[in-house]
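In: model this:
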Amino acid sequence: MITQKLKPIEKLKEARAFVSLVGAPTIPAREMGEMLTIGRAEGNHFVVNDPFASGRHARIEWHKDGYLVRDLNSRNGTYLNGARVMMAPLADKDRIRVGGSELIFLLERDHRGEQILLTSKNPDWNQKLKAIGDMAQSELPILIGGASGTGKEILAQQLHRQSHRREGPFVSVNCSALSESLAESELFGHTKGSFTDATHDRKGAFECARGGTLFLDEIGDLPMSLQPKLLRALENREIRPVGSDRTLKTDVRIVAATHHNLKQQVVEGLFRADLFFRLNILFLKAPSLTERLEDFDSLLYHFAREFKVSFSVEAIELLRQHTWPGNIRELKNVVARGLALCQGKVNAEDVGRLLDRFPTPTLPKTPASPFGSGSSTGNILKDLERTLIERRLVANKGNQRQTALDLGVPKSTLHDRIRNYQIDIEQLIADHK
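Out: Numbers count the residues shown, from 1 in each chain. Sure, this is the predicted structure:
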């Protein structure tokens with residue numbers, strides 16, 4: 001076990017620091033603020049999908065003139081360049097292992113993997129991408145819309161890099177991962193003793209992002225109870241940490257993103273109208289993959305190079321015909337599956353199993369489905385997907401969270417499928433009582 005004496009890192013105050021997951025080039029690097037937590041739990045700044053990592057495994061933090069990594073009493077330990085450490089200073093290109101995952105700490109970031117997502121052969125989208133520089137120079141909030149998997153966080157990072165706040169931190173908060181009880185602390189911080197587990201003062205996202213950009217991802221999933229508090233923070237430019245009797249002035253630029261239709265959520269009473277108008281001053285909508293099919297070959301070849309996977313001409317043609325409900329993220333996942341399931345060589349006969357992640361049910365003998373309206377899309381995989389969704393919704397009496405768990409997909413993805421297939425859940429349940 002190693003605990004090293006801290007030494008200043010020369011000129012670190014003028015450098016940029018990032019953390020990347022080794023072997024996963026398509027996962028965006030995380031930019032460092034004053035602190036970054038790493039672990040399996042969704043509340044971490046950098047989440048690793050690793051069964052050998054602890055929920056809160058390690059933390060990278062700023063200390064005087066440099067960054068250090070600190071183990072958080074993890075089950076399997078934290079390793080720096082192969083040696084187990086409790087606390088140690090970090091240098092450029094250091095390797096950090098948490099569980100079975102390896103991360104690299106960088107003072108300079110390689111943007112090549114992202115540039116393919118920030119250019120387009122689609123004239124309309126390319127024109128909007130060129131306008132990012134003008135939007136970035138403003139201090140006004142920006143709302144980024146678009147379906148899941150379209151690269152909204154990469155757009156937010158580009159807005160930050162082209163702004164005059166680029167020397168400050170970029171802090172990302174996934175609002176859908178915030179529990180209602182801890183959401184206020186995550187955003188605004190807390191004081192020692194303010195609640196049971198508050199063993200020390202902690203800065204929230206607003207303070208960690210001071211001088212930089214605060215990215216509120218999936219803002220449409222922010223708990224209703226927290227929305228008026230966020231609105232006050234934006235309107236007054238000040239926050240009050242949980243348990244504190246004093247307010248702090250904020251200095252952040254807000255960029256928010258959602259895959260929801262926030263206007264519709266306002267109409268349905270799921271999102272505050274005043275907060276919507278406060279966030280929706282500048283708007284940028286990321287197109288779905290089918291709306292920028294001109295870029296399909298470039299994106300496929302990019303991911304294929306990164307994962308070292310080859311596709312036959314016939315396989316590529318079949319992939320072009322897919323509807324890509326998961327967009328660029330789904331395309332990346334298909335390429336990754338090609339490496340895992342096809343040893344890196346994908347032929348036409350492999351495409352079906354790479355695209356279909358659902359169990360294959362017995363095909364109905366008639367075109368009409370025993371669920372819903374019975375309409376057919378003409379696409380066998382989509383019809384099977386709809387049938388599976390409807391069956392699980394009926395079995396779970398309309399409970400979307402349990403249905404998403406049964407199908408092994410995020411709740412947001414299930415919500416998109418229900419909307420795309422125009423499934424009337426109330427009518428579906430009523431028809432099967």
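
In: show me the shaky parts of the stretch 201-350 of the chain.
Out: Applying pLDDT under 70 to the stretch 201-350 of the chain flags no residue at all.

In: helices of that one, start to end?
Out: 205-208, 227-236, 262-267, 273-279, 296-307, 313-320, 327-342 (DSSP state H, counting those that start in this stretch).

In: counting contacts, what elements does the shortest one pack onto?
Out: In this case it means helix 205-208. The contact analysis (3 or more C-beta pairs under 8 Å, 6 or more residues apart in numbering; DSSP states H and E) places helix 205-208 against strand 170-174, helix 183-188. Heads up, the C-betas are built off the backbone N, CA and C, glycines and all.

In: for these, which one sits closest to residue 342?
Out: strand 170-174 (32.0 Å; C-beta to C-beta).

In: tell me which stretches of the stretch 1-150 of the chain form strands.
Out: Under the criterion DSSP state E, counting those that start in this stretch, strands of the stretch 1-150 of the chain are mapped to 2-3, 18-21, 30-31, 35-39, 46-47, 58-63, 66-71, 78-80, 83-89, 94-98, 101-106, 142-145.

In: now stretch 212-221: buried residues?
Out: Using 16 or more other C-beta atoms under 10 Å as the test for burial, stretch 212-221 gives 212, 213, 214, 215, 216, 217, 218, 219, 220, 221.

In: can I get the CA coordinates of it in CSV?
Out: What follows is stretch 212-221, C-alpha atoms only, in CSV (Å, rounded to 0.1, in the frame of the first residue of the first chain):
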residue,chain,number,x,y,z
GLY,A,212,-16.9,27.4,-16.1
THR,A,213,-19.9,25.6,-17.5
LEU,A,214,-22.5,23.5,-15.6
PHE,A,215,-24.1,20.9,-17.8
LEU,A,216,-27.5,19.7,-16.6
ASP,A,217,-28.1,16.5,-18.6
GLU,A,218,-31.6,15.1,-18.8
ILE,A,219,-33.1,18.2,-17.2
GLY,A,220,-36.6,16.9,-18.0
ASP,A,221,-36.1,14.3,-15.3
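
In: any idea how far residue 401 is from residue 326?
Out: Residue 401 sits 19 Å away from residue 326, taking C-beta to C-beta, to the nearest Å as the criterion.

In: between the two, which is the more surrounded one?
Out: residue 326 (24 against 10; other C-beta atoms under 10 Å).

In: residues contacting that one?
Out: 148, 149, 333, 413 (C-beta atoms under 8 Å, 6 or more residues apart in numbering).

In: out of these, who has the most neighbours?
Out: Of all the contacts of residue 326, the highest neighbour tally under other C-beta under 10 Å goes to residue 149, namely 22 neighbours.

In: coming back round to it: would you mind putting the contacts of residue 326 into CSV with distance to residue 294 alongside?
Out: Listed next are the contacts of residue 326 as CSV, based on distance: C-beta to C-beta, whole Å:
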residue, distance to residue 294
148, 21
149, 18
333, 21
413, 25
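
In: ok now do the closest residue to residue 171 other than its chain neighbours, which residues does it touch?
Out: Leaving out its chain neighbours, the residue that sits closest to residue 171 by C-beta to C-beta, 6 or more residues apart in numbering is residue 209, at 3.8 Å. Shown in contact with residue 209 (C-beta under 8 Å, 6+ apart): 33, 168, 169, 170, 171, 252.

In: repeat that for residue 219.
Out: Counted by C-beta under 8 Å, 6+ apart, residue 219 has contacts 143, 175, 256, 257, 258, 262, 279.

In: and which of these is nearest residue 341?
Out: residue 257 (31.5 Å).

In: could you give the bridge partners of the closest one?
Out: residue 144 (DSSP bridges).

In: and it, what does it touch?
Out: 143-146, 152-153, 155-156, 215-219 are the contacts of residue 257 under C-beta under 8 Å, 6+ apart.

In: quick check: closest non-adjacent residue to residue 227.
Out: Closest to residue 227 by C-beta to C-beta, 6+ apart is residue 272, at 4.7 Å.

In: for the one you found, grab the count of nearby residues.
Out: Using other C-beta under 10 Å, residue 272 is surrounded by 17 other residues.

In: how close does it get to residue 229?
Out: Distance, residue 272 to residue 229, using C-beta to C-beta: 11 Å.

In: what's the answer for residue 76, then?
Out: 37 Å.

In: show me how far stretch 385-402 is from its chain's centre.
Out: 25 Å (C-alpha atoms, centre = their mean, to the nearest Å).

In: would you mark the buried spots in it?
Out: Under 16+ other C-beta under 10 Å, the buried positions of stretch 385-402 are 385, 386, 387, 388, 389, 390, 391, 392, 393, 394, 396, 400.

In: just stretch 167-181 next, same as before
Out: Buried positions in stretch 167-181, judged by neighbour count with 16+ other C-beta under 10 Å: 168, 169, 170, 171, 172, 173, 174, 175, 176, 177, 178.

In: equivalent analysis for stretch 65-72, please.
Out: Going by 16+ other C-beta under 10 Å, stretch 65-72 has these buried residues: 66, 67, 68, 69, 70, 71, 72.

In: then stretch 249-265?
Out: Of all the residues in stretch 249-265, those buried under the rule 16+ other C-beta under 10 Å are 250, 252, 253, 254, 255, 256, 257, 258, 259, 260, 262, 265.

In: how about stretch 236-253?
Out: Here stretch 236-253 shows 239, 240, 241, 242, 248, 250, 252, 253 as buried, counting by 16+ other C-beta under 10 Å.

In: quick one, what contacts the last one?
Out: Going back to what we said before, that points to residue 253. 139, 141, 160, 163, 165, 212, 213, 214.

In: closest to residue 319 among those residues?
Out: residue 160 (32.5 Å).

In: number of nearby residues for the closest one?
Out: 24.

In: and it, what does it touch?
Out: By C-beta under 8 Å, 6+ apart, the neighbours of residue 160 are 31, 136, 166, 170, 212, 213, 215, 253, 255.

In: how about it, secondary structure?
Out: helix (DSSP: H, G, I helix; E, B strand; the rest coil).
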